[in-house]
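**Student:** Provide a 3D model corresponding to the input given below.
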Amino acid sequence: MSEVDVPSHFTMKGLAIALAGTAILTVMIFTLPDIIGLELTIAMMATLSVLMGMYVILITEIIHRTSLALVGALIIVIVLFSVGVLEPHDTVDFVIGSIDFNTIGLLLGMMLIVGVLGETGIFQYIGIKAAKASGGNIWKLLILLSVITAVGSAFLDNVTMVLLMVPVTISVAKILNIKPVFLILAEIFASNIGGATTLIGDPPNIMIGSAANISFIDFAWHMTPEIIITLAFSFLLFKMMFRKELKQKPENLDKLQQLNERDEIKDMVLLKKSAIILGAVIIMFMLHGMLHLEVAVIALGGAAVLLVVTGIQPFKALHHVEWPTLLFFSGLFVIVHGVEASGALEVLAHQAVNLTQGDLAASIFTIVFTSAFASAFVDNIPFTATMIPIIENISADPMFVNTLSQFDFNPLWYALAFGADLGGNGTLIGASANLVAVAVAEKFGVRIMFREFLIKGMPIMIATTVVASVAFYIRLLYFY
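**Tutor:** Numbering: from 1, shown residues only. Next up, the predicted model:
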(Lines give C-alpha, C1' and ligand atoms only; values in the text may rest on other atoms or scores of the structure.)
Protein backbone atom coordinates (compact mmCIF):
# COMPACT_ATOMS: atom_id res chain seq x y z
CA MET A 1 0.00 0.00 0.00
CA SER A 2 1.44 3.34 -0.98
CA GLU A 3 1.05 6.55 0.96
CA VAL A 4 -1.79 7.70 -1.27
CA ASP A 5 -3.74 4.66 -0.08
CA VAL A 6 -3.54 5.65 3.58
CA PRO A 7 -7.01 6.68 4.70
CA SER A 8 -7.60 10.28 5.68
CA HIS A 9 -8.16 11.06 9.35
CA PHE A 10 -9.73 14.44 8.71
CA THR A 11 -12.74 15.17 10.92
CA MET A 12 -14.37 18.38 12.05
CA LYS A 13 -13.62 17.41 15.66
CA GLY A 14 -9.95 16.88 14.80
CA LEU A 15 -9.86 20.20 12.99
CA ALA A 16 -11.41 21.98 15.97
CA ILE A 17 -8.87 20.44 18.35
CA ALA A 18 -5.99 21.39 16.07
CA LEU A 19 -7.17 24.99 15.66
CA ALA A 20 -7.80 25.37 19.40
CA GLY A 21 -4.39 23.96 20.27
CA THR A 22 -2.68 26.19 17.74
CA ALA A 23 -4.51 29.26 19.04
CA ILE A 24 -3.57 28.49 22.66
CA LEU A 25 0.08 27.97 21.75
CA THR A 26 0.16 31.18 19.75
CA VAL A 27 -1.24 33.18 22.66
CA MET A 28 1.32 31.60 24.99
CA ILE A 29 4.20 32.37 22.62
CA PHE A 30 3.15 36.01 22.34
CA THR A 31 2.57 36.52 26.09
CA LEU A 32 4.87 34.27 28.13
CA PRO A 33 8.22 35.74 26.95
CA ASP A 34 7.36 39.13 28.49
CA ILE A 35 6.27 37.50 31.72
CA ILE A 36 9.51 35.54 32.15
CA GLY A 37 11.70 38.38 30.90
CA LEU A 38 12.70 36.80 27.58
CA GLU A 39 13.03 39.34 24.78
CA LEU A 40 11.60 38.00 21.53
CA THR A 41 10.84 40.03 18.44
CA ILE A 42 7.58 39.85 16.52
CA ALA A 43 9.39 37.84 13.84
CA MET A 44 10.63 35.32 16.41
CA MET A 45 7.21 34.85 17.99
CA ALA A 46 5.45 34.63 14.63
CA THR A 47 7.80 31.96 13.24
CA LEU A 48 7.69 30.00 16.49
CA SER A 49 3.90 30.07 16.29
CA VAL A 50 3.99 28.56 12.81
CA LEU A 51 6.44 25.86 13.92
CA MET A 52 4.51 24.92 17.05
CA GLY A 53 1.21 25.08 15.22
CA MET A 54 2.56 22.55 12.74
CA TYR A 55 3.42 20.19 15.59
CA VAL A 56 -0.08 20.46 17.05
CA ILE A 57 -1.64 19.56 13.70
CA LEU A 58 0.87 16.74 13.24
CA ILE A 59 -0.24 15.23 16.54
CA THR A 60 -3.92 15.32 15.51
CA GLU A 61 -2.95 13.78 12.13
CA ILE A 62 -5.87 15.37 10.32
CA ILE A 63 -3.52 16.40 7.48
CA HIS A 64 -0.78 14.25 5.98
CA ARG A 65 2.63 15.37 7.25
CA THR A 66 3.94 16.06 3.72
CA SER A 67 1.03 18.34 2.83
CA LEU A 68 1.35 20.04 6.20
CA ALA A 69 5.09 20.66 5.82
CA LEU A 70 4.66 22.16 2.35
CA VAL A 71 1.85 24.47 3.53
CA GLY A 72 3.89 25.36 6.61
CA ALA A 73 6.85 26.29 4.40
CA LEU A 74 4.60 28.58 2.38
CA ILE A 75 3.23 30.23 5.53
CA ILE A 76 6.69 30.72 7.05
CA VAL A 77 7.89 32.48 3.90
CA ILE A 78 4.84 34.77 3.93
CA VAL A 79 5.42 35.52 7.62
CA LEU A 80 9.09 36.33 7.05
CA PHE A 81 8.54 38.93 4.37
CA SER A 82 5.47 40.27 6.19
CA VAL A 83 7.60 41.11 9.25
CA GLY A 84 10.47 42.42 7.17
CA VAL A 85 12.98 39.59 7.70
CA LEU A 86 12.83 38.51 4.06
CA GLU A 87 12.36 40.48 0.86
CA PRO A 88 9.73 38.98 -1.48
CA HIS A 89 12.19 38.81 -4.40
CA ASP A 90 14.56 36.75 -2.25
CA THR A 91 12.07 34.01 -1.45
CA VAL A 92 13.29 31.53 -4.09
CA ASP A 93 16.89 31.86 -2.93
CA PHE A 94 15.75 31.52 0.68
CA VAL A 95 13.82 28.32 -0.01
CA ILE A 96 16.64 26.74 -2.01
CA GLY A 97 19.19 27.79 0.60
CA SER A 98 17.06 26.34 3.40
CA ILE A 99 16.99 22.81 2.04
CA ASP A 100 19.86 20.56 3.09
CA PHE A 101 20.48 18.87 -0.24
CA ASN A 102 23.22 16.75 1.32
CA THR A 103 20.57 15.04 3.43
CA ILE A 104 18.07 14.87 0.56
CA GLY A 105 20.72 13.47 -1.77
CA LEU A 106 21.82 10.88 0.78
CA LEU A 107 18.25 9.69 1.25
CA LEU A 108 17.51 9.63 -2.47
CA GLY A 109 20.66 7.70 -3.32
CA MET A 110 20.21 5.12 -0.59
CA MET A 111 16.52 4.66 -1.40
CA LEU A 112 17.49 3.80 -4.97
CA ILE A 113 20.27 1.40 -3.93
CA VAL A 114 18.21 -0.33 -1.25
CA GLY A 115 15.17 -0.47 -3.55
CA VAL A 116 17.11 -2.28 -6.26
CA LEU A 117 18.68 -4.56 -3.65
CA GLY A 118 15.21 -5.40 -2.40
CA GLU A 119 14.22 -6.77 -5.80
CA THR A 120 16.70 -9.62 -5.31
CA GLY A 121 14.75 -11.11 -2.40
CA ILE A 122 17.56 -10.55 0.09
CA PHE A 123 15.20 -8.99 2.63
CA GLN A 124 13.06 -12.11 2.70
CA TYR A 125 16.22 -14.22 3.01
CA ILE A 126 17.44 -12.24 6.04
CA GLY A 127 13.95 -12.28 7.50
CA ILE A 128 13.68 -16.05 7.46
CA LYS A 129 17.22 -16.43 8.85
CA ALA A 130 16.44 -14.02 11.68
CA ALA A 131 13.16 -15.73 12.48
CA LYS A 132 14.87 -19.13 12.57
CA ALA A 133 17.69 -17.79 14.76
CA SER A 134 15.14 -16.50 17.28
CA GLY A 135 13.45 -19.90 17.46
CA GLY A 136 10.11 -18.10 17.40
CA ASN A 137 10.91 -16.28 20.65
CA ILE A 138 9.60 -12.73 20.17
CA TRP A 139 11.91 -11.22 22.80
CA LYS A 140 15.00 -12.80 21.21
CA LEU A 141 13.80 -11.60 17.83
CA LEU A 142 13.45 -8.02 19.10
CA ILE A 143 16.96 -8.08 20.58
CA LEU A 144 18.43 -9.61 17.44
CA LEU A 145 16.88 -7.09 15.07
CA SER A 146 17.67 -4.16 17.37
CA VAL A 147 21.33 -5.11 17.79
CA ILE A 148 21.76 -5.56 14.04
CA THR A 149 20.20 -2.14 13.48
CA ALA A 150 22.26 -0.39 16.17
CA VAL A 151 25.60 -1.84 15.05
CA GLY A 152 24.81 -1.19 11.40
CA SER A 153 23.80 2.37 12.18
CA ALA A 154 27.23 3.01 13.69
CA PHE A 155 29.16 1.89 10.65
CA LEU A 156 26.70 2.79 7.93
CA ASP A 157 24.19 5.41 9.03
CA ASN A 158 20.87 5.16 10.80
CA VAL A 159 18.79 6.22 7.79
CA THR A 160 20.25 3.51 5.56
CA MET A 161 19.89 0.88 8.28
CA VAL A 162 16.19 1.48 8.77
CA LEU A 163 15.77 1.39 5.00
CA LEU A 164 17.34 -2.06 5.10
CA MET A 165 15.72 -3.38 8.27
CA VAL A 166 12.08 -2.30 8.06
CA PRO A 167 11.27 -4.54 5.05
CA VAL A 168 13.10 -7.39 6.81
CA THR A 169 11.07 -6.86 9.97
CA ILE A 170 7.75 -6.78 8.16
CA SER A 171 8.73 -9.95 6.32
CA VAL A 172 9.52 -11.70 9.62
CA ALA A 173 6.27 -10.50 11.17
CA LYS A 174 4.25 -11.85 8.26
CA ILE A 175 5.92 -15.24 8.54
CA LEU A 176 5.20 -15.45 12.28
CA ASN A 177 1.80 -13.74 11.96
CA ILE A 178 2.58 -11.08 14.58
CA LYS A 179 2.11 -7.31 14.59
CA PRO A 180 5.34 -5.62 13.42
CA VAL A 181 4.90 -2.09 14.80
CA PHE A 182 6.69 -2.69 18.11
CA LEU A 183 9.63 -4.31 16.33
CA ILE A 184 9.92 -1.35 13.96
CA LEU A 185 9.78 1.12 16.85
CA ALA A 186 12.51 -0.79 18.70
CA GLU A 187 14.68 -0.69 15.57
CA ILE A 188 14.14 3.05 15.14
CA PHE A 189 15.14 3.71 18.75
CA ALA A 190 18.15 1.41 18.39
CA SER A 191 19.20 3.11 15.15
CA ASN A 192 19.29 6.55 16.77
CA ILE A 193 21.18 5.18 19.77
CA GLY A 194 23.68 3.21 17.69
CA GLY A 195 24.06 6.05 15.21
CA ALA A 196 25.47 8.25 17.97
CA THR A 197 28.59 6.10 18.13
CA THR A 198 30.48 7.37 15.08
CA LEU A 199 30.84 10.45 12.90
CA ILE A 200 28.95 8.82 10.03
CA GLY A 201 26.20 7.28 12.16
CA ASP A 202 23.96 10.35 12.28
CA PRO A 203 24.07 13.60 10.22
CA PRO A 204 24.58 15.87 13.29
CA ASN A 205 27.77 13.97 14.07
CA ILE A 206 29.21 14.80 10.67
CA MET A 207 28.45 18.48 11.24
CA ILE A 208 29.99 18.46 14.74
CA GLY A 209 33.09 16.61 13.62
CA SER A 210 33.63 19.03 10.76
CA ALA A 211 33.16 22.14 12.92
CA ALA A 212 35.33 20.88 15.80
CA ASN A 213 37.88 19.05 13.65
CA ILE A 214 37.23 15.74 15.45
CA SER A 215 38.58 12.60 13.81
CA PHE A 216 36.55 9.43 13.26
CA ILE A 217 38.57 7.51 15.88
CA ASP A 218 38.43 10.28 18.51
CA PHE A 219 34.70 10.68 18.15
CA ALA A 220 34.09 6.94 18.50
CA TRP A 221 36.44 6.74 21.51
CA HIS A 222 34.52 9.37 23.44
CA MET A 223 31.03 8.16 22.47
CA THR A 224 31.13 4.36 22.27
CA PRO A 225 31.30 3.34 25.97
CA GLU A 226 28.30 5.50 26.90
CA ILE A 227 26.31 4.31 23.89
CA ILE A 228 26.95 0.64 24.71
CA ILE A 229 25.67 1.24 28.25
CA THR A 230 22.69 3.19 26.91
CA LEU A 231 21.78 0.50 24.37
CA ALA A 232 21.90 -2.20 27.05
CA PHE A 233 19.68 -0.06 29.29
CA SER A 234 17.24 0.50 26.41
CA PHE A 235 16.58 -3.25 26.23
CA LEU A 236 15.26 -3.11 29.80
CA LEU A 237 12.94 -0.32 28.69
CA PHE A 238 11.84 -2.34 25.65
CA LYS A 239 11.03 -5.28 27.91
CA MET A 240 8.69 -3.13 30.01
CA MET A 241 7.32 -0.92 27.25
CA PHE A 242 6.44 -3.73 24.83
CA ARG A 243 5.41 -6.32 27.43
CA LYS A 244 1.95 -6.76 25.86
CA GLU A 245 3.33 -7.14 22.34
CA LEU A 246 5.93 -9.64 23.56
CA LYS A 247 3.12 -11.92 24.75
CA GLN A 248 2.02 -12.56 21.16
CA LYS A 249 2.10 -16.22 20.20
CA PRO A 250 3.96 -16.69 16.92
CA GLU A 251 2.41 -19.05 14.42
CA ASN A 252 3.71 -21.20 11.58
CA LEU A 253 6.87 -22.27 13.49
CA ASP A 254 6.88 -25.67 11.81
CA LYS A 255 6.33 -24.05 8.47
CA LEU A 256 9.10 -21.58 9.28
CA GLN A 257 11.65 -24.32 9.90
CA GLN A 258 10.68 -25.99 6.63
CA LEU A 259 11.28 -22.83 4.63
CA ASN A 260 14.51 -22.62 2.68
CA GLU A 261 15.69 -19.03 2.80
CA ARG A 262 17.82 -19.53 -0.29
CA ASP A 263 14.67 -20.02 -2.35
CA GLU A 264 13.83 -16.37 -1.65
CA ILE A 265 16.79 -15.11 -3.69
CA LYS A 266 15.25 -14.22 -7.04
CA ASP A 267 18.26 -12.83 -8.89
CA MET A 268 21.72 -13.84 -7.68
CA VAL A 269 23.52 -11.80 -10.32
CA LEU A 270 21.64 -8.63 -9.37
CA LEU A 271 22.27 -9.41 -5.70
CA LYS A 272 26.02 -9.67 -6.21
CA LYS A 273 26.20 -6.45 -8.20
CA SER A 274 24.02 -4.57 -5.70
CA ALA A 275 25.93 -5.93 -2.71
CA ILE A 276 29.32 -4.95 -4.18
CA ILE A 277 28.17 -1.42 -4.91
CA LEU A 278 26.49 -1.08 -1.50
CA GLY A 279 29.68 -2.31 0.16
CA ALA A 280 31.74 0.22 -1.80
CA VAL A 281 29.35 3.00 -0.77
CA ILE A 282 29.65 1.99 2.90
CA ILE A 283 33.45 2.01 2.73
CA MET A 284 33.41 5.43 1.08
CA PHE A 285 31.08 6.70 3.81
CA MET A 286 33.70 5.69 6.35
CA LEU A 287 36.42 7.40 4.34
CA HIS A 288 34.43 10.42 3.25
CA GLY A 289 36.53 12.77 5.39
CA MET A 290 39.74 11.65 3.73
CA LEU A 291 38.12 11.73 0.31
CA HIS A 292 36.59 15.19 0.94
CA LEU A 293 33.33 14.00 -0.58
CA GLU A 294 29.88 14.74 0.77
CA VAL A 295 27.81 11.70 1.69
CA ALA A 296 25.13 12.75 -0.82
CA VAL A 297 27.67 12.59 -3.66
CA ILE A 298 28.73 9.11 -2.54
CA ALA A 299 25.14 7.83 -2.28
CA LEU A 300 23.96 9.33 -5.56
CA GLY A 301 27.15 8.21 -7.27
CA GLY A 302 26.60 4.67 -6.02
CA ALA A 303 23.00 4.75 -7.24
CA ALA A 304 24.08 6.00 -10.66
CA VAL A 305 26.71 3.26 -11.01
CA LEU A 306 24.18 0.65 -9.88
CA LEU A 307 21.67 1.72 -12.54
CA VAL A 308 24.32 1.52 -15.25
CA VAL A 309 25.83 -1.78 -14.11
CA THR A 310 22.49 -3.55 -13.65
CA GLY A 311 20.77 -2.05 -16.66
CA ILE A 312 17.63 -1.30 -14.67
CA GLN A 313 15.49 1.41 -16.22
CA PRO A 314 15.53 4.63 -14.14
CA PHE A 315 11.73 4.98 -14.14
CA LYS A 316 11.49 1.52 -12.56
CA ALA A 317 14.13 2.25 -9.93
CA LEU A 318 12.52 5.59 -9.06
CA HIS A 319 9.40 3.76 -7.88
CA HIS A 320 11.43 2.81 -4.81
CA VAL A 321 11.92 6.45 -3.79
CA GLU A 322 9.69 7.78 -1.00
CA TRP A 323 8.99 11.13 -2.63
CA PRO A 324 6.50 12.26 0.07
CA THR A 325 9.24 11.80 2.68
CA LEU A 326 11.75 13.85 0.68
CA LEU A 327 9.15 16.60 0.19
CA PHE A 328 8.38 16.54 3.91
CA PHE A 329 12.06 17.06 4.69
CA SER A 330 12.24 19.91 2.21
CA GLY A 331 9.25 21.68 3.75
CA LEU A 332 10.54 21.08 7.28
CA PHE A 333 13.95 22.52 6.40
CA VAL A 334 12.29 25.71 5.13
CA ILE A 335 10.13 26.06 8.26
CA VAL A 336 13.01 25.54 10.69
CA HIS A 337 15.32 27.78 8.69
CA GLY A 338 12.62 30.45 8.88
CA VAL A 339 12.59 30.17 12.68
CA GLU A 340 16.38 30.27 12.65
CA ALA A 341 16.43 33.31 10.36
CA SER A 342 14.24 35.18 12.81
CA GLY A 343 16.87 34.56 15.51
CA ALA A 344 14.52 32.61 17.77
CA LEU A 345 16.56 29.41 17.99
CA GLU A 346 19.74 31.28 18.86
CA VAL A 347 18.03 33.31 21.58
CA LEU A 348 16.48 30.22 23.16
CA ALA A 349 19.74 28.26 23.04
CA HIS A 350 21.74 31.14 24.53
CA GLN A 351 19.15 31.57 27.26
CA ALA A 352 19.46 27.94 28.27
CA VAL A 353 23.26 27.94 28.31
CA ASN A 354 23.59 31.26 30.15
CA LEU A 355 21.86 29.69 33.13
CA THR A 356 24.94 27.56 33.83
CA GLN A 357 27.18 30.45 34.93
CA GLY A 358 30.34 28.72 33.71
CA ASP A 359 29.93 25.46 35.65
CA LEU A 360 31.10 22.51 33.52
CA ALA A 361 28.65 19.95 34.93
CA ALA A 362 25.71 22.34 34.61
CA SER A 363 26.83 23.26 31.08
CA ILE A 364 27.11 19.65 29.96
CA PHE A 365 23.72 18.63 31.31
CA THR A 366 22.09 21.82 30.02
CA ILE A 367 23.48 21.32 26.54
CA VAL A 368 22.55 17.63 26.52
CA PHE A 369 18.95 18.11 27.63
CA THR A 370 18.34 21.34 25.71
CA SER A 371 19.59 19.60 22.58
CA ALA A 372 17.62 16.44 23.31
CA PHE A 373 14.26 18.12 23.82
CA ALA A 374 14.82 20.61 21.00
CA SER A 375 15.88 17.82 18.64
CA ALA A 376 12.75 15.89 19.52
CA PHE A 377 10.60 18.72 18.14
CA VAL A 378 12.96 20.41 15.70
CA ASP A 379 14.86 18.12 13.34
CA ASN A 380 18.31 17.60 14.85
CA ILE A 381 20.16 18.69 11.71
CA PRO A 382 19.14 22.39 11.66
CA PHE A 383 19.23 22.56 15.46
CA THR A 384 22.79 21.26 15.47
CA ALA A 385 23.72 23.85 12.87
CA THR A 386 22.36 26.53 15.20
CA MET A 387 24.14 25.16 18.28
CA ILE A 388 27.60 24.80 16.70
CA PRO A 389 28.48 28.53 16.75
CA ILE A 390 27.00 28.79 20.24
CA ILE A 391 29.25 25.97 21.51
CA GLU A 392 32.21 27.72 19.87
CA ASN A 393 31.37 30.96 21.70
CA ILE A 394 30.89 29.20 25.03
CA SER A 395 34.20 27.37 24.65
CA ALA A 396 36.00 30.68 24.12
CA ASP A 397 34.36 32.33 27.13
CA PRO A 398 36.83 33.16 29.92
CA MET A 399 34.64 31.27 32.39
CA PHE A 400 35.19 28.05 30.44
CA VAL A 401 38.75 28.38 29.14
CA ASN A 402 40.42 27.31 32.39
CA THR A 403 37.96 24.47 32.94
CA LEU A 404 38.33 23.10 29.43
CA SER A 405 42.13 23.31 29.63
CA GLN A 406 41.99 20.30 31.97
CA PHE A 407 41.04 18.10 29.03
CA ASP A 408 42.71 17.28 25.74
CA PHE A 409 39.30 17.53 24.08
CA ASN A 410 36.20 19.70 24.41
CA PRO A 411 33.44 17.74 26.22
CA LEU A 412 30.81 20.29 25.18
CA TRP A 413 30.91 18.99 21.60
CA TYR A 414 30.11 15.48 22.79
CA ALA A 415 27.34 16.80 25.02
CA LEU A 416 25.78 18.32 21.91
CA ALA A 417 26.16 15.03 20.03
CA PHE A 418 24.53 12.97 22.81
CA GLY A 419 21.61 15.37 23.03
CA ALA A 420 21.03 15.81 19.29
CA ASP A 421 21.31 12.09 18.50
CA LEU A 422 19.36 10.60 21.40
CA GLY A 423 16.80 13.41 21.30
CA GLY A 424 15.76 12.17 17.87
CA ASN A 425 13.85 9.34 19.55
CA GLY A 426 11.45 11.76 21.24
CA THR A 427 9.00 12.28 18.39
CA LEU A 428 8.32 11.03 14.90
CA ILE A 429 9.91 14.11 13.34
CA GLY A 430 12.94 14.19 15.65
CA ALA A 431 15.30 12.37 13.28
CA SER A 432 15.55 11.49 9.61
CA ALA A 433 15.62 7.77 10.39
CA ASN A 434 12.23 7.97 12.10
CA LEU A 435 10.48 9.48 9.11
CA VAL A 436 12.12 7.18 6.61
CA ALA A 437 11.27 4.07 8.63
CA VAL A 438 7.64 5.11 9.00
CA ALA A 439 7.39 5.95 5.30
CA VAL A 440 8.80 2.55 4.29
CA ALA A 441 6.45 0.81 6.73
CA GLU A 442 3.48 2.66 5.21
CA LYS A 443 4.52 1.42 1.79
CA PHE A 444 4.16 -2.13 3.11
CA GLY A 445 0.77 -1.36 4.65
CA VAL A 446 1.97 -0.82 8.24
CA ARG A 447 1.07 2.59 9.68
CA ILE A 448 2.70 4.09 12.77
CA MET A 449 0.79 7.03 14.21
CA PHE A 450 2.45 10.22 15.46
CA ARG A 451 0.78 9.81 18.87
CA GLU A 452 1.88 6.18 19.15
CA PHE A 453 5.47 7.14 18.41
CA LEU A 454 5.32 10.01 20.92
CA ILE A 455 3.97 7.81 23.72
CA LYS A 456 6.74 5.25 23.26
CA GLY A 457 9.54 7.51 22.08
CA MET A 458 9.48 10.31 24.64
CA PRO A 459 10.09 8.05 27.68
CA ILE A 460 12.84 6.23 25.77
CA MET A 461 14.43 9.55 24.84
CA ILE A 462 14.38 10.94 28.38
CA ALA A 463 15.65 7.76 30.04
CA THR A 464 18.46 7.06 27.56
CA THR A 465 19.57 10.70 27.58
CA VAL A 466 19.85 10.60 31.37
CA VAL A 467 21.86 7.36 31.29
CA ALA A 468 24.23 8.52 28.54
CA SER A 469 24.87 11.97 30.03
CA VAL A 470 25.47 10.63 33.56
CA ALA A 471 27.82 7.93 32.22
CA PHE A 472 29.67 10.54 30.17
CA TYR A 473 30.09 12.88 33.13
CA ILE A 474 31.28 10.06 35.40
CA ARG A 475 33.91 9.15 32.82
CA LEU A 476 35.00 12.78 32.68
CA LEU A 477 35.45 12.86 36.47
CA TYR A 478 37.33 9.60 36.90
CA PHE A 479 39.20 9.02 33.64
CA TYR A 480 40.26 12.50 32.49
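
**Student:** Can you tell me how far Phe444 is from Ile170?
**Tutor:** Phe444 sits 5 Å away from Ile170, going by C-beta to C-beta, to the nearest Å. All C-beta atoms are positioned from the backbone trio N, CA, C, and that covers glycine.

**Student:** can you give me the helices for the stretch 101-250 of the chain?
**Tutor:** Ranges of helices within the stretch 101-250 of the chain are 101-118, 122-134, 138-155, 158-176, 181-194, 203-212, 216-241, based on DSSP state H, counting those that start in this stretch.

**Student:** got those as JSON lines, with mean neighbour count and mean pLDDT columns?
**Tutor:** Shown next, in JSON lines, are the helices of the stretch 101-250 of the chain (neighbours: other C-beta atoms under 10 Å; pLDDT from 0 to 100):
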{"stretch": "helix 101-118", "mean neighbour count": "22", "mean pLDDT": "85"}
{"stretch": "helix 122-134", "mean neighbour count": "20", "mean pLDDT": "80"}
{"stretch": "helix 138-155", "mean neighbour count": "21", "mean pLDDT": "91"}
{"stretch": "helix 158-176", "mean neighbour count": "26", "mean pLDDT": "85"}
{"stretch": "helix 181-194", "mean neighbour count": "28", "mean pLDDT": "95"}
{"stretch": "helix 203-212", "mean neighbour count": "22", "mean pLDDT": "83"}
{"stretch": "helix 216-241", "mean neighbour count": "18", "mean pLDDT": "94"}
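
**Student:** Quick check: phi and psi on the residue nearest in space to the middle of the chain?
**Tutor:** In the chain, the residue lying closest to the centroid (C-alpha atoms, centre = their mean) is Ala431, at 2.0 Å. When quoted as degrees, to the nearest 10, the phi and psi of Ala431 stand at phi -150, psi 150.

**Student:** now what about stretch 341-348, what contacts it?
**Tutor:** 38-41, 43-48, 80, 83, 85-86, 94, 336, 339-340, 374, 378, 382-383, 386, 390 (C-beta atoms under 8 Å, 6 or more residues apart in numbering).

**Student:** In helices, which of those fall?
**Tutor:** 43-48, 80, 94, 336, 339-340, 374, 382-383, 386, 390 (DSSP state H).

**Student:** I'd like the distance between Arg447 and Ala439.
**Tutor:** 10 Å.

**Student:** Which of the two has more residues huddled nearby?
**Tutor:** Shown here are Arg447 and Ala439; by other C-beta atoms under 10 Å, Ala439 has more neighbours (24 against 15).

**Student:** per-residue pLDDT, that one?
**Tutor:** Ala439 carries a pLDDT score of 88 in this model.

**Student:** sorry, back to before: from Ile78, how far out is the residue nearest to the centre of the chain?
**Tutor:** For Ala431, the distance to Ile78 - C-beta to C-beta - is 28 Å.

**Student:** likewise Lys174?
**Tutor:** Remark: distance between Lys174 and Ile78 (C-beta to C-beta) = 46 Å.

**Student:** Name the spans of this structure whose pLDDT lies under the cut-off.
**Tutor:** 1-11, 61, 289, 349, 352-353, 358, 379, 382, 399, 480 (pLDDT under 70).

**Student:** And the longest helix along the chain, how far out from the chain middle?
**Tutor:** Identified as the longest helix of the chain according to DSSP H is helix 450-479. Computed by C-alpha atoms, centre = their mean, to the nearest Å, the separation of helix 450-479 from the middle of its chain amounts to 15 Å.

**Student:** Which residues belonging to that helix are considered buried?
**Tutor:** Within helix 450-479, the residues that count as buried by 16 or more other C-beta atoms under 10 Å are 450, 453-454, 456-458, 460-469, 471-473, 476.

**Student:** Stretch 436-447 too?
**Tutor:** Residues Val436, Ala437, Val438, Ala439, Val440, Ala441, Glu442, Lys443, Phe444, Val446 are the ones in stretch 436-447 that count as buried (16+ other C-beta under 10 Å).

**Student:** Repeat that for stretch 373-391.
**Tutor:** Buried positions in stretch 373-391, judged by neighbour count with 16+ other C-beta under 10 Å: 373-388, 390-391.

**Student:** Would you mind giving both backbone torsions of Asp202?
**Tutor:** phi -150, psi 140.

**Student:** for Asn177, that is, sorry about that
**Tutor:** Dihedral angles of Asn177 (phi, psi; degrees, to the nearest 10) stand at phi 60, psi 50.

**Student:** Find the residue closest to it in space, skipping its chain neighbours.
**Tutor:** Spatial nearest neighbour of Asn177, chain neighbours left out: Glu251 (4.2 Å); criterion: C-beta to C-beta, 6 or more residues apart in numbering.

**Student:** how close does the one you found sit to Leu176?
**Tutor:** Distance from Glu251 to Leu176, by C-beta to C-beta: 6 Å.

**Student:** One more: Ile381?
**Tutor:** From Ile381 over to Leu176 (counting by C-beta to C-beta), the distance is 36 Å.

**Student:** How about Ala376?
**Tutor:** Distance from Ala376 to Leu176, by C-beta to C-beta: 32 Å.

**Student:** do the same with Phe285
**Tutor:** Noted for Phe285: a distance of 33 Å to Leu176, by C-beta to C-beta.

**Student:** Report the separation between Ile178 and Leu141.
**Tutor:** For Ile178 relative to Leu141 (C-beta to C-beta), the value is 9 Å.

**Student:** for the residue nearest to Asn177, phi and psi?
**Tutor:** Torsion angles, degrees, to the nearest 10, at Glu251: phi -110, psi 170.

**Student:** these two touch, right, Tyr414 and Met223?
**Tutor:** Yes: at 6.5 Å, Tyr414 counts as touching Met223 under the criterion of C-beta atoms under 8 Å.

**Student:** Could I get the contacting residues of Pro250?
**Tutor:** Gly136, Ile138, Leu176, Asn177, Ile178.

**Student:** from the chain's centre, how far out does stretch 89-98 sit?
**Tutor:** Mean-position distance between stretch 89-98 and its chain equals 25 Å (C-alpha atoms, centre = their mean).

**Student:** So what touches that stretch?
**Tutor:** Ala73, Val77, Leu80, Phe81, Leu86, Phe333, Val334, Val336, His337, Gly338, Ala341.

**Student:** Mind putting the buried residues of stretch 436-447 into CSV with distance to Gly301 and secondary structure?
**Tutor:** Shown next, in CSV, are those (distance: C-beta to C-beta, whole Å; DSSP: H, G, I helix; E, B strand; the rest coil):
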residue, distance to Gly301, secondary structure
Val436, 20, helix
Ala437, 24, helix
Val438, 27, helix
Ala439, 23, helix
Val440, 23, helix
Ala441, 28, helix
Glu442, 28, helix
Lys443, 25, helix
Phe444, 28, coil
Val446, 32, coil
